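Asks: Below is the sequence, then the predicted model.
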Amino acid sequence: MHWILGIALTAAAFVILKKWGALSPEKKKDAVWKIALVAGGALLLFMVLTGRVHVLTAAVAALIPLLRKLPGLLSLVPRVKEHLGPGSHGPRQGRQQGPVDRSMMTRSEACEVLGVAPGCGEDEIVAAHRRLIQKLHPDRGGNDYLAAKINEARDVLLHELHA
């Protein structure tokens, strides 16, 4: 049985070293970090399973590599607050219920919403609309109200161009 494990480890080492030689220096650095994290995680798991480390200590140790991601996660806080909305006690469920305010906005308001100049052409309006809706669409973390306002601004400006 031990010789089967030895052969498997030798084959794994051979494959890893062969792939290691083909990596660029930047990819080698990334690979070293990944190997260190996986080895550390395996060691931590082994120590928890054998009773040498308490589970809570292991959980804290497992969270340490995630601290690098903390600034990126904190940047999402305003989006979470936006989804909760004022006076809400939890996240909204599903799409916004009720009618969306469909009052006609003025041309200057529409230009301000899309961030275009008052004398802009159709191509600029379409490009500005596409850029904003990709950022603020409800399926991508935006909300129904902003998407409706962006669409309304596009409709107002395009309607005036074609009228």
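Replies: Received, thanks. Numbers count the residues shown, from 1 in each chain.
Asks: Which residues does the strand or helix carrying Ala11 contact?
Replies: Using DSSP states H and E, the element containing Ala11 is helix 2-21. With contact meaning CB atoms under 8 Å, 6 or more residues apart in numbering, helix 2-21 is reached by Lys28, Ala31. Using the backbone N, CA and C atoms, a C-beta is placed for each residue, glycine as well.
Asks: Report the mean confidence score over stretch 138-145.
Replies: Stretch 138-145 carries an average pLDDT of 84.
Asks: Please read the previous query as pertaining to stretch 12-23.
Replies: On average, stretch 12-23 scores 85.
Asks: please renumber so the chain begins at 16
Replies: With 16 as the first residue, the last one maps to stretch 27-38.
Asks: Distance from the very next helix or strand once past the helix holding Ala26 to the middle of the chain?
Replies: Once the chain leaves helix 17-36, the next helix or strand it forms, by DSSP H and E, is helix 40-64. In this view, helix 40-64 has its centroid 24 Å away from the chain centroid, taken as CA atoms, centre = their mean, to the nearest Å.
Asks: Run through who's touching helix 40-64.
Replies: So helix 40-64 is in contact with Trp35, Leu38, Val68, His69, Val70, Ala73, Ala76, Ala77, Pro80, going by CB under 8 Å, 6+ apart.
Asks: hmm, which of those residues are the buried ones?
Replies: Val68, Ala73, Ala76 (16 or more other CB atoms under 10 Å).
Asks: Fine by me, we can end here.
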